[in-house]
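Asks: structure for the following, please:
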Amino acid sequence: MIPENILSKYNPTLKTYKVGQLIFEEGTNAKFFYQIKKGKVKVFNLSEDGKEVLHAYFKDGDSFGAPALIANFKRPARAETIEKSSIYTLSRELFMQILAKNSDIHLELTAKICQRLHFKSLLIKEVSLYPPEHRIITLLNHLKEKSNYQKKYEVQLTRQEISNLTGLRVETVIKAVKKLEKRNLLTLTNRKIYI
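Replies: Numbering: from 1, shown residues only. Take a look at the predicted model:
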């Protein structure tokens, strides 16, 4: 999100995280900006019975956790690595300086936050109103559109990750994906989903 040449001027800390390492906890104060140099992170809530409600996945170059930092509210979810990751951290004060001095970065970040809000609105509608097949194909079409892919798009999510994003059980996702394949809305090759 923030170009490394600009980020480096503010001396960010680059920390290496192991797989499954917690970055921040739900309900904590937002003190740092995070940007992934290399790796993958999930942002989610955890219910009392251990069920995950997934909000998003982030990968190389993505930033996460900015809304709570900008608006100065407690973290509404937790963040955890899902593979070994190198992540830049920058204090709230320095992050706000970058935004104040770089209107193009500020606008790009605002656009990203709006895109994520749009995606959350889409998921809420799907989970509330539609059957499993509709939820899944809407999610996959959104991912394809977001990637600007014109031809066959290989879905980078596991069945478990699709389950976490759509609020469905893994077994339901597996059955729904097979139904979507029979309706020629997607293809399966070597357990990979293409749309």
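Asks: which residues touch Glu181?
Replies: Neighbour list for Glu181: Thr187, Leu188 [criterion: C-beta atoms under 8 Å, 6 or more residues apart in numbering]. (C-beta placed from N, C-alpha, C; glycine too.)
Asks: is it true that it lies in a strand?
Replies: No. The assignment for Glu181, made by DSSP: H, G, I helix; E, B strand; the rest coil, is helix rather than a strand.
Asks: show me the beta-bridge partners of Glu80.
Replies: Leu22, Lys42 (DSSP bridges).
Asks: next, the contact list for it, please.
Replies: Gly20, Gln21, Leu22, Ile23, Val41, Lys42, Phe44.
Asks: without its sequence neighbours, what residue ends up closest to the fourth one?
Replies: By the measure of C-beta to C-beta, 6 or more residues apart in numbering, the closest residue to Ile23 outside its immediate chain neighbours is Ala79, 4.1 Å from it.
Asks: same thing with the second one?
Replies: Take Gln21 and drop its neighbours on the chain: the residue closest to it by C-beta to C-beta, 6+ apart is Thr81, 5.0 Å away.
Asks: so His55, which of the three states?
Replies: His55 - assigned by three-state DSSP - is strand.
Asks: circling back to that earlier point, farthest-separated two in the contacts of Glu80?
Replies: Spatial extent of the contacts of Glu80 (C-beta to C-beta) is set by the pair Gln21 and Phe44 at 14.2 Å.
Asks: picking that back up, just checking, the residue nearest to Gln21 touches Gly39?
Replies: Yes. Look at Thr81 against Gly39 with C-beta atoms under 8 Å: they come within range, at 6.1 Å.
Asks: all helices for this structure, in order.
Replies: 4-7, 66-71, 92-101, 103-129, 132-146, 159-166, 170-182 (DSSP state H).
Asks: that older thread, which of the contacts of Glu80 sits closest to Arg75?
Replies: Among these, and counting by C-beta to C-beta, the member closest to Arg75 is Ile23, at 9.9 Å.
Asks: what about that closest one, how many neighbours?
Replies: 21 (other C-beta atoms under 10 Å).
Asks: cool, Lys151 as well?
Replies: Using other C-beta under 10 Å, Lys151 has 6 other residues around it.
Asks: how close does it sit to Ile23?
Replies: 35 Å (C-beta to C-beta, to the nearest Å).
Asks: cool, and Glu171?
Replies: Distance from Glu171 to Ile23, by C-beta to C-beta: 30 Å.
Asks: now Thr13: how far from Val170?
Replies: For Thr13 relative to Val170 (C-beta to C-beta), the value is 37 Å.
Asks: neighbour-wise, which of the two wins?
Replies: Val170 (14 against 10).
Asks: isn't the more buried one up against Gln160?
Replies: Yes. At 5.7 Å, Val170 counts as touching Gln160 under the criterion of C-beta under 8 Å.
Asks: okay, now the closest residue in space to Lys144 that isn't next to it in sequence: neighbour count?
Replies: Once flanking residues are discounted, Lys144 sits nearest to Tyr153: 4.1 Å by C-beta to C-beta, 6+ apart. Neighbourhood size, Tyr153 [other C-beta under 10 Å]: 19.
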